[in-house]
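*Asks:* predicted model follows, preceded by the sequence.
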Amino acid sequence: MIELVSHKLCINCNLCVQVCPTNVFDSVPDQPPIIARKEDCQTCFMCEAYCPADALYVAPQSHTDMEINEDDLIESGIMGEYRRLLGWGYGRKSNSELDTAHKLRQLPRPYQS
């Protein structure tokens, strides 16, 4: 679930607002977007993946509120971790060959009548 839009790192590009499939964010003129509908977050990580400033933190535990500290997240290097793992961004090596999501299609489907 989306937990943080960092006011220290955000560059106000609003890409997160544009890519969010469930319209979680609202744009604010000359400021970072706000998390307006947190309960609608599907923990898809699209906002974090597209954020060019690594200014978003999506907690992998969906639908669980958690205490976070912006400075601790920035210092730990966890901000933008998903984007780094994907290899998205200038100067990063693409890691798409490591993605195993395609294996989900190989799982047996339950019988449907």
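*Replies:* Sure, I can see it.

*Asks:* hmm, Ile74 is touching Cys10, no?
*Replies:* No - with contact defined as C-beta atoms under 8 Å, Ile74 does not reach Cys10; the gap is 11.7 Å. Quick note: C-beta positions are derived from backbone N, CA and C, even for glycine.

*Asks:* now do the helices in the chain.
*Replies:* Secondary structure of the chain, counting by DSSP state H: helices at 15-19, 46-50, 70-76, 81-86.

*Asks:* verify the stated contact: Asp40 with Phe25.
*Replies:* No - the criterion here is C-beta under 8 Å, and Asp40 misses it with Phe25 at 10.0 Å.

*Asks:* settle it for me: which of these two has more neighbours?
*Replies:* Set Asp40 next to Phe25 and count neighbours by other C-beta atoms under 10 Å: Phe25 wins out with 25 against 14.

*Asks:* any idea of the pLDDT on the more buried one?
*Replies:* For Phe25, the model assigns a pLDDT of 98.

*Asks:* beta partners for it?
*Replies:* When assigned by DSSP bridges, Phe25 has beta-bridge partners Ile35.

*Asks:* make residue 1 into 51 and carry on from there
*Replies:* New numbering, starting at 51: the last item is Phe75.

*Asks:* how close does it sit to Ile61?
*Replies:* 14 Å (C-beta to C-beta, to the nearest Å).

*Asks:* mind listing the strands for the protein?
*Replies:* With DSSP state E, the ranges of strands along the chain come out as 52-55, 75-78, 81-85, 106-108.

*Asks:* I am finished for the moment; much appreciated.
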